[in-house]
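>>> Sequence first, predicted coordinates after that:
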Protein chains: 2
Amino acid sequence: MRHEELLEANCAISRTSAMLGERWVFAILRAAYFRARTFEDYLEATGIARNVLADRLRNLVDFGILERRPYEESAKRKRSEYRLTEAGLDLYPVIVSMMEWGNKHAGFLDGPPVVLRHTTCGEITHPHMVCDHCGEEVLPREVEPLPGPGAEPASKRS
Amino acid sequence: MRHEELLEANCAISRTSAMLGERWVFAILRAAYFRARTFEDYLEATGIARNVLADRLRNLVDFGILERRPYEESAKRKRSEYRLTEAGLDLYPVIVSMMEWGNKHAGFLDGPPVVLRHTTCGEITHPHMVCDHCGEEVLPREVEPLPGPGAEPASKRS
DNA sequence: CGGACTCAGTTGCAAAGCGAAACTGAAGCT
DNA sequence: AGCTTCAGTTTCGCTTTGCAACTGAGTCCG
């Protein structure tokens, strides 16, 4: 099986991981959240080879996660920039939960290099996942996957 | 720059993405959450080539995300299995938020193929990220990254 | 006991992907 | 006119995939 075939799988995790699970993609998203704009910004923030960066940006634009658009640096100078789309911003929980995990499990012996302050309440925050119904934290073994409206019938659809 | 160099970066997102951001890793984790145990389970659940699967499992075990251990299938038959460690289970928010994102943005026109039921409250749940302090949802632009205890001083440490 | 089967990989090979550096072309600056 | 910056593309050698075949330990079947 080739990796891109995951894009057609009838499973959200598979499709999402086919889009995001290529080398460097998270590094690019991290740069995007840290306000990178131009090609050279991403190049510097990530250290990826130019050709690979060009390819990844193309893909992320195709997936609707980034948007490429011209931007007026000054009156005359026109450049292009890559910004997160609405869908890209929706990836925030993924990035934050990776950061939380890394702070705990990626071997930072002196403590996390970066922490987050929640500007609306002013405190250092450790975000976690809660159920939108009961507000309780969602734990791995307290969740049951069920077929949804887009589930395939027992026999494969055409 | 090579991809593994991200493992040494002083940034949780970089290190985490170096561990998880290789092709197929999320597919393997998905299989793990769906209770895959043996090598052949993972092979069937993911469709990866055998040699690549062997390599990825080795890495995930090295990172402490999976654990390889012998397991008694029956009185006589001994096999080995790969189970999520504590650290692996802590990745649940990452997987769930990828699933939530995919259900919304990965082009499921008939609706999500899988939904989650929160067994403690019994309802279909759409988990989201909240601040552990104020309980409000954490949004991308309402968060400020600050240097933490493990931050590098302005001059690179030795 | 001998042969077939299953599990869990390893090996070999062609094709694809990556990384570094050089090159291109448009646009601006001096 | 010549130099620089931006945003890539091209080239080339090296590494990683994907696939199939092979290995070797343990099991089951007659």
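Perfect, thanks for sending it. The structure presented is a predicted model; accordingly, all values stated were derived computationally and were not measured. Numbering: from 1, shown residues only, chains lettered A, B, ... in the order given.
>>> Please count neighbours and contacts with C-alpha atoms only from this point.
OK.
>>> Spatially central residue for chain A, please.
Centroid check for chain A by Cα atoms, centre = their mean gives A:Leu91 as the closest residue, at 4.3 Å.
>>> ok, and the closest non-adjacent residue to the residue of chain A at minimum distance from DNA strand D?
Per Cα to the nearest atom of the strand, A:Met1 is where chain A lies closest to DNA strand D, at 3.5 Å. Of all residues not flanking A:Met1 in the chain, B:Gly47 sits nearest, at 5.8 Å (Cα to Cα, 6 or more residues apart in numbering or on different chains).
>>> residues contacting the residue nearest to the centre of chain A?
A:Leu91 sits next to B:97-98, B:101 when contact means Cα atoms under 8 Å, 6 or more residues apart in numbering or on different chains.
>>> Quick one: those as JSON lines, columns for neighbour count and pLDDT too.
Listed next are these as JSON lines, based on neighbours: other Cα atoms under 10 Å in any protein chain shown; pLDDT from 0 to 100:
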{"residue": "B:Ser97", "neighbour count": "25", "pLDDT": "98"}
{"residue": "B:Met98", "neighbour count": "26", "pLDDT": "98"}
{"residue": "B:Trp101", "neighbour count": "21", "pLDDT": "98"}
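>>> Which ones among the residues you listed map onto helices?
Counting by DSSP state H, these place B:97-98, B:101 in helices.
>>> Roughly how far does A:Ala87 sit from A:Arg117?
Distance, A:Ala87 to A:Arg117, by Cα to Cα, to the nearest Å: 23 Å.
>>> With A:Leu53 instead?
According to Cα to Cα, A:Leu53 and A:Arg117 sit 31 Å apart.
>>> And for A:Leu20, the neighbour number?
Residues lying near A:Leu20 (other Cα atoms under 10 Å in any protein chain shown) number 23.
>>> ok, residues contacting stretch A:20-30?
The contact list for stretch A:20-30 (Cα under 8 Å, 6+ apart) reads A:42, A:46, A:48, A:56, A:95, B:3, B:13-14, B:17, B:20-26.
>>> can you pull out the helices in chain A?
Along chain A, the segments classed as helices by DSSP H run A:12-20, A:25-33, A:39-46, A:50-62, A:86-89, A:92-105.
>>> Please identify the most buried of those helices.
Among those, helix A:12-20 has the highest mean neighbour count (mean count of other Cα atoms under 10 Å in any protein chain shown), at a mean of 25.
>>> can you give me the offset of that one from its chain's centre?
From the chain centre to the centre of helix A:12-20 is a distance of 11 Å (Cα atoms, centre = their mean, to the nearest Å).
>>> when you check DNA strand D, which of the contacts of stretch A:20-30 turn up near it?
Among the contacts of stretch A:20-30, proximity to DNA strand D is found for B:22-23 (Cα under 7 Å from any atom of the strand).
>>> so the residue of chain A closest to DNA strand D sits right up against B:Ala49, yeah?
Yes - counting by Cα atoms under 8 Å, B:Ala49 is a contact partner of A:Met1 at 7.4 Å.
>>> Could you find the closest non-adjacent residue to A:Cys11?
Distances taken as Cα to Cα, 6+ apart put B:Pro113 closest to A:Cys11, at 6.2 Å, once the chain neighbours are dropped.
>>> For the one you found, list the residues it contacts.
By Cα under 8 Å, 6+ apart, B:Pro113 lies in contact with A:10-12, A:147-152, B:103.
>>> Can you tell me which of those residues has the most neighbours?
Among the contacts of B:Pro113, A:Ala12 has the most neighbours (other Cα under 10 Å), with 28 neighbours.
>>> For A:His133, which residues are in contact?
Neighbour list for A:His133: B:121, B:123, B:125 [criterion: Cα under 8 Å, 6+ apart].
>>> do that again at 10 Å, thanks
For A:His133, the contact set (Cα atoms under 10 Å, 6 or more residues apart in numbering or on different chains) comprises B:118, B:121-127.
>>> Count the neighbours of the residue lying closest to A:Asn103 once chain neighbours are set aside for me.
Nearest residue to A:Asn103 in three dimensions, chain neighbours excluded: A:Pro112, at 5.1 Å (Cα to Cα, 6+ apart). Per other Cα under 10 Å, the neighbour tally for A:Pro112 reads 22.
>>> Thank you, goodbye.
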